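Visitor: Curious how this folds, go ahead:
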Amino acid sequence: MTALAAAAALTVAGCGSKGEREASDGGDTLRFGASMSLTGSLAREGGLTKEGYQLCQQAVNAKGGVQVGGKRLKLAVQYQDDTSKPDTAAQLVDQFNDKGVKLILGPYGSATTEAAAAVIERNGQVMADSSGADDKIFQKGYKRTFAALSPARFYAASMIQAIAELADPKPSTVAFLSADDGFSKTVAEAGSAEARRLGFKVVATEYFPNGTSDVSSALTKVKSLKPEVIVGSVHVVEGIAIIKQAKELGVRPAGGFAETVAPPTPDFATSLGTDAEGVLGSTQWTDKTVGKDKWIGTAADYKALFGAAFGGRAPEYHGAEATAACLALVDAVEKAGSTNADKVRDALATLDEQTFFGPLKFTAQGQNLTKTMQVIQVQNGKPVAVWPKDIAEAKLVWPGTGK
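Guide: Okay, here's the model as predicted:
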């Protein structure tokens, strides 16, 4: 914890006034800028993302820093609160540019990332995206944003694939409940298409406002259809609400619930207790993920480092994907031998590395299609990997709604 406190102090010390010029390479310090959701509707996920960036800074500096030319630079990540608002995230990226900070770590979420990406492109900055998964971001022709994580279209589709492969008896009907933001819609649309491809009947797709804690209307609409599986394309708040209000309304799918984003987070099981049992979740990473790098080591090493830094807590994928994005930018700086944004961009475009997070390799559009999503299930109060089979730490419990 001492190392993180020191890192935080270094970050604060590096923050100057608005008019002060600060280069990405400031003497013996390599500066990354990060617009983060530290308050607002996405503060929980934003906080987990920040932890991932902090752990990256700690790990890199513990290994002596970033080799750039003939010297080593200590990494310092500077944070600004975008209050979970896309317009604010865009403004903050502009402010970093005004200070000469050209190397940017992405904010939390697809909407804020999309807003930031437009500014990154205009300013000639470069961004390593840790959590902006919406495929639509990468259909705009941007050349300076690179996503370490798997695209949105795999989030629900991976859970459908796991159910099709592992569930016994195999269900036949599924309903989708989705927040109405761009990321969640992309997830639901791709999940629905995959369900139909695999022979499931999609009986309904219902939307509700992003960030709401009241999803009762959507649940009521699908109740009479009796779907065997209910898939939520959600964030943490909506994901918890679905399980709570389904119980209150007597909505009990014969197979169970599956949700994006929420089940792997610590808040999910803590808030729901035994009601979280059996819920499936899609995840970018588990501590069984295959891969190794020089900064962290393996996924198991990441778990140990995270626990040591954050009071013994187990890591989950938001932090891991943030660390991976940060390491991608670090590796690109080393590969380029420079902090020049154009050279770092070119190095990112040709990056091909194995890491604790899995492979990092980008398409011409900036997406990482080489890594796969994984599926967890809450068992005995903890998320455990159940799919793909080669990294599973437990068998799927089916039906997930219990006896």
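Visitor: residue ranges with poor pLDDT in the stretch 301-403 of the chain?
Guide: The stretch 301-403 of the chain contains residues with pLDDT under 70 at 402-403.
Visitor: Which residue ranges of it form helices?
Guide: 317-336, 341-349 (DSSP state H, counting those that start in this stretch).
Visitor: of all the ones you listed, which lies closest to residue 139?
Guide: The minimum distance between residue 139 and the helices of the stretch 301-403 of the chain falls on helix 341-349, with 17.3 Å, by Cβ to Cβ. In short, each C-beta sits where N, CA and C put it, glycine included.
Visitor: Which residues outside that closest one are in contact with it?
Guide: Here helix 341-349 makes contact (Cβ atoms under 8 Å, 6 or more residues apart in numbering) with 24, 102-103, 124-126, 128, 143-144, 146, 328-329, 331-333, 335-338, 362, 364.
Visitor: Let me have the helices of the stretch 301-403 of the chain in a markdown table, adding mean neighbour count and distance to residue 113 as columns.
Guide: A markdown table is the format used below for these (neighbours: other Cβ atoms under 10 Å; distance: least, Cβ to Cβ, whole Å):
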| stretch | mean neighbour count | distance to residue 113 |
| --- | --- | --- |
| helix 317-336 | 26 | 11 |
| helix 341-349 | 20 | 16 |
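Visitor: Take those and lay them out in CSV including distance to residue 98.
Guide: CSV is the format used below for these (distance: least, Cβ to Cβ, whole Å):
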stretch, distance to residue 98
helix 317-336, 20
helix 341-349, 14
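Visitor: so which of these gets nearest residue 386?
Guide: helix 317-336 (14.8 Å).
Visitor: Please save the CA atoms from the closest one in CSV.
Guide: Coordinates of each C-alpha in helix 317-336 appear next as CSV, following Å, rounded to 0.1, in the frame of the first residue of the first chain:
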residue,chain,number,x,y,z
TYR,A,317,-11.7,-7.6,-14.8
HIS,A,318,-12.2,-3.8,-14.7
GLY,A,319,-8.9,-3.3,-12.9
ALA,A,320,-7.2,-6.0,-15.0
GLU,A,321,-8.2,-4.5,-18.3
ALA,A,322,-7.1,-1.0,-17.1
THR,A,323,-3.7,-2.4,-16.1
ALA,A,324,-3.4,-4.1,-19.5
ALA,A,325,-4.2,-0.9,-21.4
CYS,A,326,-1.6,1.0,-19.4
LEU,A,327,1.0,-1.7,-20.1
ALA,A,328,0.1,-1.6,-23.8
LEU,A,329,1.0,2.2,-23.8
VAL,A,330,4.1,1.5,-21.8
ASP,A,331,5.3,-1.2,-24.2
ALA,A,332,4.6,1.0,-27.2
VAL,A,333,6.7,3.8,-25.7
GLU,A,334,9.6,1.3,-25.2
LYS,A,335,9.1,-0.1,-28.6
ALA,A,336,9.1,3.4,-30.2
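Visitor: where's that helix relative to the chain centroid, distance-wise?
Guide: 13 Å (Cα atoms, centre = their mean, to the nearest Å).
Visitor: Please work out the angle formed by the directions of that helix and helix 341-349.
Guide: For helix 317-336 against helix 341-349, the angle by axes from the mean of the first three to the mean of the last three Cα atoms, to 10 degrees is 120 degrees.
Visitor: Now do the contacts for the closest residue to residue 139 other than its chain neighbours.
Guide: Closest residue to residue 139 apart from its sequence neighbours, by Cβ to Cβ, 6 or more residues apart in numbering: residue 365 at 7.3 Å. Residue 365 makes contacts with 138-139, 142, as judged by Cβ under 8 Å, 6+ apart.
Visitor: helices or strands up against the lengthiest strand in the chain?
Guide: Taking DSSP state E as the criterion, the chain has its longest strand at strand 71-81. Counting contacts by 3 or more Cβ pairs under 8 Å, 6 or more residues apart in numbering; DSSP states H and E, strand 71-81 packs against helix 2-13, strand 29-36, helix 43-62, strand 66-68, helix 86-98.
Visitor: Bridge partners for residue 204, pull those for me.
Guide: Judged by DSSP bridges, the bridge partners of residue 204 are residue 175.
Visitor: can you check residue 259 too?
Guide: In this structure, residue 259 bridges to residue 232, residue 281 when assessed by DSSP bridges.
Visitor: close enough to count as contact, it and residue 239?
Guide: Yes. The pair residue 259 / residue 239 is scored as a contact, 4.6 Å apart, by Cβ atoms under 8 Å.
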